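Q: coords below, sequence missing:
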């Protein structure tokens, strides 16, 4: 099959088309979302993608996230967007979902095991309620244990012999059959229901960034290239927590691009 290797600009263009279809689909199905991480930063600082970034991120309340998974289990978003999640693919070892363009394929060199059908994507992070401090510490420690096991299954950082030995040992002792590690991370993340908490966050990650729940009930639209997408009402607070002086460009050595090889399958184009 003839393949066309995508440039960074082409990857960003595909991601924008995914996001446009996803935005339209979310509105049609009354599903809440907001831009997050580098995508929100790009919208504010560049009115589009960060020039060296090659993925997009959105945040979705857990009830909406689970509704999305139900609606897309056997259906696409638009003509060619499929949702990838650990409940669908036992080779996909993330707690986030990905909206992937089926006409493309992505090969990530940093992954131990390639998902069965990974295309150029938009990451969708589930957002849960933030627990009280005492409960939160216990749950974060438990979830953190499974996050470490998740990384053993995910990343191909096997250059040092001691790391290879430790990974083999952990994989043998703590099996990830049927994505058990991801299911446990989700279990601890969901301990406080989204709708019952004044403050919410991306609890499946190591360092969650807190937001007001009302940000998702009353989002605003921000310009992103030739369109607009939803952003948290208090987007400035979010960006300060995530990046500090977010309008300041990082030094060149910290302008990191994901190490991926993306191709367009011209036969499916």
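A: Received the coordinates, thanks. Remember, predicted model here, so these are calculated numbers, not experimental data.
Q: need the pLDDT of the closest residue in space to residue 215 that isn't next to it in sequence.
A: What sits nearest to residue 215 in space, not counting adjacent residues and going by CB to CB, 6 or more residues apart in numbering, is residue 232, at 3.7 Å. Every residue, glycine included, has its C-beta placed from N, CA and C. With respect to pLDDT, residue 232 has a value of 96.
Q: quick check: phi and psi on residue 232?
A: For residue 232, the backbone dihedrals are phi -60, psi 140 (criterion: degrees, to the nearest 10).
Q: that one against residue 238, yeah?
A: Yes. Contact status for residue 232 versus residue 238: in contact at 5.3 Å, counting by CB atoms under 8 Å.
Q: could you tell me which residues touch both of the two?
A: Taking CB atoms under 8 Å, 6 or more residues apart in numbering as the criterion, residue 232 and residue 238 both touch 36, 40, 211, 215.
Q: thought the first one was touching residue 124?
A: Right, residue 36. No. Using CB under 8 Å, residue 36 makes no contact with residue 124, being 9.6 Å away.
Q: next, the buried residues of the strand or helix carrying residue 239.
A: Here residue 239 is covered by helix 235-243, with elements defined by DSSP states H and E. By neighbour count on 16 or more other CB atoms under 10 Å, the buried set for helix 235-243 is 235, 238, 239, 241, 243.
Q: neighbours around the closest residue to the first one other than its chain neighbours, how many?
A: Excluding its sequence neighbours, the residue lying closest to residue 235 (CB to CB, 6+ apart) is residue 40, at 6.1 Å. Taking other CB atoms under 10 Å as the neighbour definition, residue 40 ends up with a count of 27.
Q: now do the SS call for residue 40.
A: Following DSSP: H, G, I helix; E, B strand; the rest coil, residue 40 is assigned to helix.
Q: burial count for residue 71?
A: Taking other CB under 10 Å as the definition, residue 71 ends up with a neighbour count of 14.
Q: and it, how far from residue 30?
A: Here the distance between residue 71 and residue 30 works out to 11 Å (CB to CB, to the nearest Å).
Q: which neighbours do the two have in common?
A: By CB under 8 Å, 6+ apart, no residue touches both residue 71 and residue 30.
Q: buried residues, the helix or strand following the helix holding residue 239. List them.
A: Proceeding N to C from helix 235-243, the next assigned helix or strand is strand 260-265, under DSSP H and E. Neighbour counts over strand 260-265 (16+ other CB under 10 Å) mark 260, 262, 263, 264 as buried.
Q: can you list those residues in CSV and add distance to residue 188?
A: What follows is those, written out as CSV (distance: CB to CB, whole Å):
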residue, distance to residue 188
260, 29
262, 33
263, 37
264, 39
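Q: now, the most widely separated pair of these?
A: Across the buried residues of strand 260-265, the two members that end up farthest from each other (CB to CB) are 260 and 264, 13.5 Å apart.
Q: if we can go back for a sec, who's in contact with the residue nearest to residue 215?
A: Remark: with contacts taken as CB under 8 Å, 6+ apart, residue 232 is in contact with 34, 36, 40, 59, 211, 215, 216, 219, 220, 238.
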